[in-house]
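# Output the structure for:
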Amino acid sequence: MTFMDEQKQMRFSDNVENAIATPKEVNQLKDWFARGKRERFNVNILISPGMAHEMLKHNKDNRRLNSLSVARIIREIQKGQFRNTTQGITFAKTGRLLDGQHRLKAIEESGIPTKMLIWFGDDPAHFEFLDLTAGRTPAEIAGMKGLDNTVARASIASVYITTKKGAAYSPSRNEIYQTICNMDAVDPSAMTEALRFGDAMRKQKLVGIGLTPAALAYWKISTETLRSSKLDEFAMKMKTGADLSMNSPILRFRMGVAKLPSTGNYRNLTIKKAAGLILTWNAWLRNPNRAPLRLLDWEASPDLPEVV
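Predicted coordinates for the structure are as follows:
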């Protein structure tokens, strides 16, 4: 019996444990993967629970399964409402599953063979952009690329984009993801240290600066200043508030941030805090014992101040 003959005789599986691919299904999948190394092509077939189970073995470094999404697809399959669209299953030329893990899991768990379009031989780089508009978030994609603290990175990237395009601008998911990657590429260690600094400032509840503005300002200072040898000292004094004179720019900033309103436009307030921290750095370098009167009145533009 050929693979297509088995397709015609396909029956429901009792449960996931019984969802085991037949030898013909395993061999057919191997043939498709081999062909996918040479060309990009698709097949539109009934996927058995066993075939779905076999395909899921190639699900590497994907986002975590969402049980609610799987349950929704199962209901659609059970009611005969699942639509076979161009967004089916996608495998890279390497054999890695790029898209469709929730659909495959639903077939496996429902025990119901379901017709679906399957692409083989896709470019692995396309993985970064699949489902960005409807499924995967920039943080999820960045996490799959091996970055840590991706939710914080996405927040920082989003605010950074608005400093370039205006506080009213709403960046797309793809813009946020690309900015996450670009900021890390400038200097990976700079963003790592920025996130540590931001987390430390977030824990300073009485100061109230928050992770995103603190990390964004630190990253900009770290990647642009010509006085990087002073950054560790500045960061330590900013985090602890210790050994500061009454006229210290750092003390003035810490006290000023604590008085800012906690409500209002989040992006504008975040940019104001980040800009104020950069202005504090500039002032502290010029004179650590002389604070300008206005460190938190940055209204010149949505962009951040230049770094000394």
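# Which strands and helices lie in contact with whichever strand or helix holds T162?
For T162, the element it lies in under DSSP states H and E is helix 150-165. Applying 3 or more Cβ pairs under 8 Å, 6 or more residues apart in numbering; DSSP states H and E, one finds that helix 150-165 contacts helix 138-144, helix 173-186, helix 188-202, helix 211-224, helix 266-286. Backbone N, C-alpha and C define where each C-beta goes, glycine included.
# so how far is the first one off the chain centroid?
Same thing as helix 138-144. For helix 138-144, the separation from the chain centroid amounts to 3 Å (computed by Cα atoms, centre = their mean, to the nearest Å).
# What lies in contact with it?
61-63, 127-128, 132, 150-151, 153-154, 157, 173-174, 176-177, 180-181 (Cβ atoms under 8 Å, 6 or more residues apart in numbering).
# again, 7 Å this time
Here helix 138-144 makes contact (Cβ atoms under 7 Å, 6 or more residues apart in numbering) with 61-63, 128, 132, 150-151, 153-154, 173, 176-177, 180.
# Could you pull up the mean pLDDT of it?
Computed over helix 138-144, the mean pLDDT rounds to 83.
# now do the last one
Taken as a whole, helix 266-286 carries a mean pLDDT of 92.
# what's that helix in contact with?
By Cβ under 7 Å, 6+ apart, helix 266-286 touches 159, 162-163, 167, 209-210, 212-214, 216-217, 220-221, 227, 230, 234, 249-250, 253, 257, 260, 291-292, 295-296, 298, 302, 304-305, 307-308.
# What is the neighbour count of the spatially closest residue to D184 that is not a sequence neighbour?
Of all residues not flanking D184 in the chain, M191 sits nearest, at 5.2 Å (Cβ to Cβ, 6 or more residues apart in numbering). M191 has 25 neighbours, counted by other Cβ atoms under 10 Å.
# what's K115 sitting at in phi/psi?
Main-chain dihedrals, K115, degrees, to the nearest 10: phi -80, psi 130.
# I'd say it and F82 touch.
No: if you go by Cβ atoms under 7 Å, K115 and F82 don't touch, sitting 8.7 Å apart.
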